[in-house]
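Asker: The following block contains a protein sequence and its predicted model.
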Amino acid sequence: MSGLIYFKLRSQLSFSTVTFDGHFVSVGEARRLIAAKMNLGADAISELVLTDPRTGTEHKDESEQLPKSTSVVVRRVPAGQQGRLRPLLGTTPAPATAAGQQQQQQQPSPAAAADEAPPPSQQQEPAAVTDEFGADPFAQQAAALKAQQEAAQAAAAAAQQRQETE
């Protein structure tokens, strides 16, 4: 009995298929079939990373069995970078140094900070939330909601006046 694996590259819109014999196929064999279908050659098999499109989990183990009618998203990664995660643009990884660990140890626990908190009458108002461009992301929504509520109240008052005059 033959089975199908549906695959697509991340940049493609529609899925393509490869066929195999049986109910299950290993990840390694699926990579080989996909590379052959895409005419990539034997060297590119190790560069393919298969990912489940629904959960986003990578199929890393070559011996992992994929059932027939499985869908995968194929990514081509240079062979030396398999298993390494790239940092997000604009972020810097936190250094794992002894100084960083000492700073964490010097910070008081949340329970101790709660004991030292000023009474509610002396607490300050929370600062306004701003996004990276300096604007309050919730202000526009709040203003729109307030305008909508005022319009609804005005419409209700006008409807009540019409009923009273009739």
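Answerer: Cool, the structure landed.

Asker: which one's the longest helix in the protein?
Answerer: Longest helix in the chain by number of residues (criterion: DSSP state H): helix 139-165.

Asker: what comes up buried for it?
Answerer: When neighbours are counted by 16 or more other Cβ atoms under 10 Å, no buried residue of helix 139-165 is found. Quick note: C-beta positions are derived from backbone N, CA and C, even for glycine.

Asker: How about stretch 67-77?
Answerer: Within stretch 67-77, the residues that count as buried by 16+ other Cβ under 10 Å are 70, 72-74.

Asker: got it, and stretch 57-68?
Answerer: Residues of stretch 57-68 classed as buried: 58-59, 66 (neighbour count, 16+ other Cβ under 10 Å).

Asker: How about residues contacting it?
Answerer: By Cβ atoms under 8 Å, 6 or more residues apart in numbering, the surrounding residues in contact with stretch 57-68 are 3-5, 20, 22-28, 30, 49-52, 72, 83.

Asker: cutoff 10 Å now
Answerer: Stretch 57-68 has contacts (Cβ atoms under 10 Å, 6 or more residues apart in numbering) with 1-5, 19-20, 22-31, 46, 49-52, 70, 72-73, 75, 82-83.

Asker: Select only the buried ones of those in ChimeraX?
Answerer: Paste this into ChimeraX to select the buried members of those, with burial taken from 16+ other Cβ under 10 Å:
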select :3,5,20,25,26,27,29,30,31,49,50,70,72,73
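
Asker: which ones among the contacts of stretch 57-68 are found in helices?
Answerer: Counting by DSSP H, the contacts of stretch 57-68 contribute 27-31 to helices.

Asker: Can you classify residue 40 by secondary structure?
Answerer: Following DSSP: H, G, I helix; E, B strand; the rest coil, residue 40 is assigned to coil.
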